[in-house]
Each structure stands twice: as structure tokens, then as C-alpha cells.
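With the input below, show me the fold.
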Amino acid sequence: MTLPALLGPTPQPSIWVFIVIYGLDWVATVPPTVMLCRDVFGADIGAIVFGWIFAAHQVGAAIAAFGAGAIRDSTGSYGGAFWTAAILCLVAAGLSFAIRPLRADSAPAPSAATG
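Numbering: from 1, shown residues only. Reported below is the predicted structural model:
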């Protein structure tokens, strides 16, 4: 929601702060996602599952970029796209509270590769 306020005709210190924080976010989320895929689906197919998750993420990003461009073309502003993204982030954050941890008796059996 704050990104539009950071943008300007020339790079400002605030946009550099955003870039650094976004980069740290990327580093803080990808390795845990890889481990979650491995833990839930096993070492044998965990990497494949992560690959599909990553591919789906890229397709979603392409759709979002196209949608933002369409909103910009129809309204003359990216404001609607930023607000839509902010609302979708809040919905996703709320849905994350519905995720329940696996019970010990329902956890998948370790694969042969992990011993």
C-alpha cells in the first residue's frame, strides 16, 4: 500500500529501502518454502512440488501485471491495482490463519532417501 508513495521521477532513498526490504523478504521466504515442500511431500518429490509452486507463482505474477496494466489503461492510474493487491494480501494473510499444523499421526512417512 505504501509503494505508490515511494515512486517518483528519480530514485529516492525510500525506494532503495523498499528494494532492500523486498529482497530480504525473498530470501526469508523461498528457503522455508523449499523445506516445507520437502517435509510435506518427501525428499523424492518435494523439489518437483516446489517447482510447480514457483511456476504457478510466476503465472500469477504475469496475470497480476497484465491486470495492473489493464487497470492503468482504463483508469489512467495504478491506484486501483495497488488497492486490489493490498486487499488480496490481507485476504491471503487472513486465510493463512486457517492453516492447521499436521498431527504427528497424520504426517507422511519419511522417504527412503531421507532414511
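
tell me the contacts of residue 34?
46-47, 50 (C-beta atoms under 8 Å, 6 or more residues apart in numbering). The C-beta positions use only the backbone N, C-alpha and C, and glycine is treated the same way.

State the helix or strand in which it lies.
helix 13-75 (DSSP states H and E).

List the buried residues in the helix or strand following that helix.
Sequence-wise, the next helix or strand downstream of helix 13-75 (DSSP H and E) is helix 79-96. By neighbour count on 16 or more other C-beta atoms under 10 Å, the buried set for helix 79-96 is 81-82, 85.

out of those, who's nearest residue 31?
Nearest to residue 31 among these: residue 85, at 24.3 Å, using C-beta to C-beta.

Check the spacing between the closest one and residue 67 real quick.
Using C-beta to C-beta, to the nearest Å, residue 85 is found at 9 Å from residue 67.

same question, residue 60
Applying C-beta to C-beta to residue 60 and residue 67 gives a distance of 10 Å.

more crowded one of the two?
residue 67 (14 against 10; other C-beta atoms under 10 Å).

so what's that one up against?
Contacts of residue 67 (C-beta under 8 Å, 6+ apart): 81, 84.

Distance of the most centrally placed residue in the chain relative to residue 72?
The centroid of the chain falls nearest to residue 57 when counting by C-alpha atoms, centre = their mean (7.0 Å). Here the criterion is C-beta to C-beta. By it, residue 57 lies 22 Å from residue 72.
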